[in-house]
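Undergrad: how would this look folded up:
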Amino acid sequence: MTNFLNHVSPMGIYETLYAFRDVFGRPMGESGTHPWSQGFPLTTQIPGGPEIPTQVNIDSTDLMYPKAWGQPQLRETIAAYYNHYHCAKIDAENVMIFAGGRPGLVALLLFLESDITVRIASTEYTPYYDMLRLLKRGYELVESRAENGFSPPVSNYMGEDTSNRRLIMLSNPCNPTGVTKEGDELKTLVAAASFGPHGLLVDEAYELFHEPPVSALRYMDNIDESNLFVSGAATKGLQAPGIRIGWVIAAKKYIEILGNFSSFGMGGVSRLSQLYAMELLDRSRTELAHKAIPEFYAGQRNRYGEAFSDLGLELFSGDGGFYHWCKLPGNLTAAELNDRLFPHGAAILKGTDCDMARRGADSPLTQFFRFSFGPLKPESFEADIEILGRTLG
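TA: Presented below is the predicted three-dimensional model:
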């Protein structure tokens, strides 16, 4: 029987998770496993952080269809959040709600005009490759490698030929490296890439995992006169990946296009999830989160970083996110490390899954891996280091 659907492979990390399950006998995340490969935060209260809401109150109106752009109160709250914490100059009509961060990114790329080329770092967030390939978007790679600290300068992102239209796309802080553009460098990027024939798409899912939190919106005076797109979500810093709430912030004319798409392609986003997001964004909670999240995860970053260096790993990690970006000693590859880790109930994300050229065994990232301390409790540290030390051998 012939197929009616084109085959599509899962995101690279899922292939690792399936291989892990086949060896260990249980899925990653269950009791007795060590989720170093997983990109989610603790979903329990952290030291000094806000309590996690345990319920939301609803009535019959909350069971009705949601607004295509998102519920007005949530859009207003998100705009107020950026205005308060990042001195942004936006309002509710600059905000569009999606069912997580990735659907917003896909929608933006879906409606990108066909003559625009995406410029993106060669080491980046795993699903960007799948998004660009499946949406048939032309893109150019900006070298991001050990030699430049996995931190391409603004001039490299812009390239030499600035006459053609292009969209600069990056995660900031970067997943997988944690490298973060901030201060004058971020200001320069926003000024260079957000106007005229250029556009800038910044995925700020890890906004709160940097001291202090950073946003490109701080450096935009009038977003309605720009081609700046900022993606955010409740997934990471608000500690609620399961509610699947994300958003895109952009000029009102672009939000109108995204909302029109939602009217036939999405039907809006769960009102119950949006209500829960409202609880998460209560100012009394975000005041605690803006202090506690960066501090707690900086402590975890430093603690694991020191231990990894003692184990002989070479670190290229930035000061953002909740990952360490590591290079293995000798000739050991990340794939071989996973083969050793699986029987111990652990796994890492291979560097080759973050290679935007997908060069496999020929990739310069075969010895690199991403270690996530996002979901790890402080008390797991000793066991984590013991397992990693034993498998590095």
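Undergrad: Contacts only, for the nearest residue to Gly374 once chain neighbours are set aside.
TA: Closest residue in space to Gly374, ignoring its immediate chain neighbours: Phe322 at 3.8 Å, by CB to CB, 6 or more residues apart in numbering. All C-beta spots, glycine's among them, are computed from the backbone N, C-alpha and C. When contacts are counted by CB atoms under 8 Å, 6 or more residues apart in numbering, Phe322 touches Pro41, Gly178, Tyr206, Phe209, Lys236, Tyr297, Gln300, Arg301, Ser372, Phe373, Gly374.
Undergrad: Give me the mean pLDDT for stretch 31-48.
TA: Averaging pLDDT along stretch 31-48 gives 96.
Undergrad: that older thread, from the contacts of Phe322, which land in strands?
TA: Members of the contacts of Phe322 lying in strands (criterion: DSSP state E): Ser372.
Undergrad: what's the closest of the contacts of Phe322 to Gly25?
TA: Ser372 (22.0 Å; CB to CB).
Undergrad: Distance check, that closest one against Ile348.
TA: Using CB to CB, to the nearest Å, we find Ser372 at a distance of 8 Å from Ile348.
Undergrad: Check Ile168 too.
TA: In terms of CB to CB, Ile168 sits 29 Å off from Ile348.
Undergrad: and if you look at Phe111?
TA: 35 Å.
Undergrad: Comparing the two, which shows the higher neighbour count?
TA: Remark: of Phe111 and Ile348, Ile348 carries more neighbours, 23 against 13, as counted by other CB atoms under 10 Å.
Undergrad: Look at Asn331 and report its pLDDT.
TA: 97.
Undergrad: burial measure for it, as a count.
TA: Asn331 has 8 neighbouring residues, counting by other CB under 10 Å.
Undergrad: Any figure for the gap between the closest residue to it other than its chain neighbours and Leu17?
TA: Nearest non-adjacent residue to Asn331, counting by CB to CB, 6+ apart: Gln367, 7.8 Å away. Taking CB to CB as the measure, Gln367 falls 21 Å from Leu17.
Undergrad: neighbour-wise, which of those two wins?
TA: Set Gln367 next to Leu17 and count neighbours by other CB under 10 Å: Gln367 wins out with 23 against 19.
Undergrad: ok, back up a step: look up the residues that both of Ser372 and Ile348 are in contact with.
TA: Trp36, Ser37.
Undergrad: can you map out the helices along the stretch 51-200 of the chain?
TA: 72-86, 101-110, 127-134, 154-158, 183-193 (DSSP state H, counting those that start in this stretch).
Undergrad: circling back to that earlier point, could you report the pLDDT at the residue nearest to Asn331?
TA: 98.
Undergrad: Tell me how far it lies from Gly330.
TA: Plainly put, Gln367 is 9 Å away from Gly330 if you go by CB to CB.
Undergrad: Likewise for Met1?
TA: For Met1 relative to Gly330 (CB to CB), the value is 49 Å.
Undergrad: Which one of the two is surrounded by more residues?
TA: Gly330 (8 against 3).
Undergrad: Specify the local secondary structure of that one.
TA: Following DSSP: H, G, I helix; E, B strand; the rest coil, we place Gly330 in the coil state.
Undergrad: quick one, what contacts the residue nearest to Met220 when sequence neighbours are not counted?
TA: Nearest non-adjacent residue to Met220, counting by CB to CB, 6+ apart: Leu228, 5.4 Å away. Leu228 is in contact with Val190, Ser194, Gly199, Leu200, Val202, Ala216, Leu217, Met220, Ala250, Ala251, counting by CB under 8 Å, 6+ apart.
Undergrad: neighbour-wise, which of those residues leads?
TA: For the contacts of Leu228, neighbours tallied by other CB under 10 Å; top is Ala216, 28 neighbours.
Undergrad: Spatially nearest residue to that one, not counting backbone neighbours?
TA: Per CB to CB, 6+ apart, closest to Ala216 is Val202, 4.6 Å.
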